[in-house]
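[1] Take this sequence and fold it.
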Amino acid sequence: MLFQLRKLNESEQKAMMDAPIWVGILIGCADGKMVPQELKRIEEVIKTKTFSEHNDVHYLYTELAENNLHSNIEGLFGSLTGTPEEKSHLATEKLSELNAILPKLNETYAKQYRDSLHDLAVAVAKAAGGVLGIGSISHEEKELIDLPMIDKL
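    Now for the predicted structure:
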């Protein structure tokens with residue numbers, strides 16, 4: 001297990017590991033539909049973060065990428081039922097759980113982790129549309145990319 005997450009119980013560790021996927025689902029479903037490009041973009045961004053993060057958070061993304069990432073994304077999204085709005089609501093609930101977990105971590109790590117989730121949200125939001133990145137983030141996605149359900153540190 002990752003050094004920073006050792007002090008957490010198993011369910012808290014899982015919540016931390018699943019949060020990047022939940023962010024992707026939240027943003028992907030925000031505008032009422034989840035398109036295949038957004039699911040693919042979740043995976044691409046997580047894999048990119050294994051080397052683009054210049055702090056300890058990259059270890060979390062490395063572990064995610066090395067442990068059946070595609071299957072985990074497909075499985076988590078595929079297990080959801082209901083409308084995109086209901087899926088988005090569930091993702092919001094899952095991400096809100098981080099408010100009780102992040103204060104247990106080193107403050108610097110927790111802030112870097114939250115910032116990395118925001119970066120992931122922006123990248124997924126840009127995946128589904130626009131020309132040359134112009135107009136690619138919908139109004140609904142703009143309201144969520146700052147992840148208001150996760151307290152700022």
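
[2] Need the residue closest to the centroid of this structure.
    Pro20 (2.4 Å; CA atoms, centre = their mean).

[3] measure that residue to Leu64 for me?
    Distance, Pro20 to Leu64, using CB to CB, to the nearest Å: 7 Å. Glycine gets a C-beta too; all of them are placed from N, C-alpha and C.

[4] and for those two, which residues touch both?
    Ile46 (CB atoms under 8 Å, 6 or more residues apart in numbering).

[5] My guess is the residue nearest to the centre of the chain contacts Leu117. True?
    Yes: Pro20 lies in contact with Leu117 (CB atoms under 8 Å); the separation is 6.5 Å.

[6] can I assume Lys126 sits in a helix?
    Yes: according to DSSP: H, G, I helix; E, B strand; the rest coil, Lys126 belongs to a helix.

[7] Excluding chain neighbours, what is closest to it?
    Ser136 (4.7 Å; CB to CB, 6 or more residues apart in numbering).

[8] So what's the residue count around that neighbour?
    14 (other CB atoms under 10 Å).

[9] ditto for the one 10 residues further on
    Residues contacting Asp146 under the criterion other CB under 10 Å number 12.

[10] Against Asp115, how distant is it?
    Distance from Asp146 to Asp115, by CB to CB: 11 Å.

[11] got it, and Ser71?
    Taking CB to CB, one finds Ser71 at 27 Å from Asp115.

[12] do Gly75 as well
    27 Å.
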